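Peer 1: I'd like to go over a predicted model; first the sequence, then the structure.
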Amino acid sequence: MEKASKFILWFEEIGLEDTHLVGGKNSSLGELIRELGNAGVRVPGGFAITAQAYQYLLEAAGIEEKMRTILADLDTSDMKNLQERGRKVRDLVRMAKLPADLSTEISRAYQALCDRYGEVVDVAVRSSATAEDLPDASFAGQQ
């Protein structure tokens with residue numbers, strides 16, 4: 001299966017060339033593991049939930065068009081407008097039902113991570129937007 005169509009990518013599978021699939025933080029972690037692991041630098045393992053998984057959630061939950069409608073008359077110069085529309089979109093995503101197959105895939109990846117370490121592991125969940133650190137725009141920390 002091609003990377004672009006997967007819901008889960010392990011850090012070992014990704015690098016900086018995959019930022020559009022998993023975001024900057026995740027692709028950087030993958031790059032660290034791939035490039036420094038053989039040099040003895042220990043980087044914790046893990047996996048990324050891809051932009052494709054997010055798109056699948058939007059489609060399965062039937063909220064993509066609703067989001068577009070909410071954002072249609074977005075006024076980026078009006079803070080109240082931004083706050084209101086942001087809240088509405090966040091509420092849509094929060095209330096969306098995670099498709100069973102996506103939930104299962106995430107659960108299996110977590111179990112595989114636990115199996116790698118031989119115990120139940122604590123994890124850090126970080127947002128890693130695919131467009132948060134562009135040369136002409138930065139949205140870091142806004143997820």
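Peer 2: Sure, I can see it. Numbers count the residues shown, from 1 in each chain.
Peer 1: my guess is residue 128 contacts residue 23, does it?
Peer 2: Yes. Residue 128 is within contact range of residue 23, at 2.9 Å (criterion: C-beta atoms under 8 Å). Placement of C-beta: from N, CA and C, glycine included.
Peer 1: what sits in contact with each of these two?
Peer 2: Shared contacts of residue 128 and residue 23, defined by C-beta atoms under 8 Å, 6 or more residues apart in numbering, are found at residue 48.
Peer 1: and the helices in this protein?
Peer 2: 19-22, 24-36, 51-61, 64-71, 79-95, 100-117 (DSSP state H).
Peer 1: where among those is average confidence lowest?
Peer 2: Of all those, the minimum mean pLDDT falls on helix 24-36 (a mean of 91).
Peer 1: against which helices or strands is it packed?
Peer 2: helix 19-22 (3 or more C-beta pairs under 8 Å, 6 or more residues apart in numbering; DSSP states H and E).
Peer 1: residues contacting the helix it packs on, please?
Peer 2: So helix 19-22 is contacted by 3-4, 9, 14, 27, 30, 48, 50-52, 128, 130 (C-beta under 8 Å, 6+ apart).
Peer 1: select only the buried ones of those in ChimeraX?
Peer 2: Selection command for ChimeraX covering only the buried members of the contacts of helix 19-22, criterion 16 or more other C-beta atoms under 10 Å:
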select :9,14,27,30,48,50,51,52,128,130
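Peer 1: isn't residue 24 right up against residue 126?
Peer 2: No. Residue 24 is not in contact with residue 126 according to C-beta under 8 Å; the separation is 10.4 Å.
Peer 1: more neighbours, the two?
Peer 2: Comparing residue 24 with residue 126 by neighbour count (other C-beta atoms under 10 Å), the higher total belongs to residue 24, at 17 against 12.
Peer 1: quick one: the more buried one from residue 96, how far?
Peer 2: Separation of residue 24 from residue 96 (C-beta to C-beta, to the nearest Å): 24 Å.
Peer 1: try residue 7
Peer 2: Taken as C-beta to C-beta, the span from residue 7 to residue 96 is 15 Å.
Peer 1: need the contact list for the residue lying closest to residue 105 once chain neighbours are set aside.
Peer 2: The shortest distance from residue 105 to any non-neighbouring residue, by C-beta to C-beta, 6 or more residues apart in numbering, is to residue 7 (5.1 Å). Contact analysis of residue 7 by C-beta under 8 Å, 6+ apart lists 49-50, 52-53, 56, 102, 105-106.
Peer 1: this completes my enquiry, with thanks.
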